[in-house]
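Chemist: Sequence plus predicted model, see below.
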Amino acid sequence: MAPADNAKKAKIAKYIDKNLKQVFADLEQDEMPTQITDLLTVLRAQDEELKGKK
């Protein structure tokens, strides 16, 4: 592979990485739906209950 190809691929990978980070940063700021947080609370409680029985 020619050095120009490597440079081009590196530039593309950097561009993709930058955009993915931006997308996920935006998603991270979104509030999680109440149903999901409620489900997580129930699952954590069940997990703790199972750990306590061991």
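Modeler: Done, it's in.

Chemist: In which helix or strand does the residue nearest to the spatial centre of the chain reside?
Modeler: With distances taken as Cα atoms, centre = their mean, F24 lies nearest the centre of the chain, 6.7 Å away. Counting by DSSP states H and E, the secondary-structure element that holds F24 is helix 3-29.

Chemist: Against which helices or strands is the helix or strand following that helix packed?
Modeler: Tracing the chain C-terminally past helix 3-29 and defining elements by DSSP H and E, one meets helix 34-53 next. Using 3 or more Cβ pairs under 8 Å, 6 or more residues apart in numbering; DSSP states H and E as the contact criterion, no helix or strand is in contact with helix 34-53. C-beta: built from backbone N, CA, C; applies to glycine.

Chemist: buried set for helix 34-53?
Modeler: Residues of helix 34-53 classed as buried by neighbour count (16 or more other Cβ atoms under 10 Å): none.

Chemist: Need the pLDDT of M1.
Modeler: Turning to M1, the model gives it a pLDDT of 59.

Chemist: Sorry, slip of the keys, the one I care about is K14.
Modeler: Confidence at K14, expressed as pLDDT, is 95.

Chemist: for it, what are its contacts?
Modeler: For K14, no residue meets the contact criterion (Cβ atoms under 8 Å, 6 or more residues apart in numbering).

Chemist: and the gap between it and Q35?
Modeler: Here the criterion is Cβ to Cβ, to the nearest Å. By it, K14 lies 38 Å from Q35.

Chemist: go on, R44?
Modeler: R44 sits 15 Å away from Q35, going by Cβ to Cβ.

Chemist: One more: E49?
Modeler: Here E49 is placed at a distance of 21 Å from Q35 (Cβ to Cβ).

Chemist: how about the lowest-mean-pLDDT helix or strand in the chain: buried residues?
Modeler: Lowest on mean pLDDT, DSSP states H and E among the helices and strands of the chain sits helix 3-29, with a mean of 89. Along helix 3-29, not one residue counts as buried under the neighbour rule (16+ other Cβ under 10 Å).
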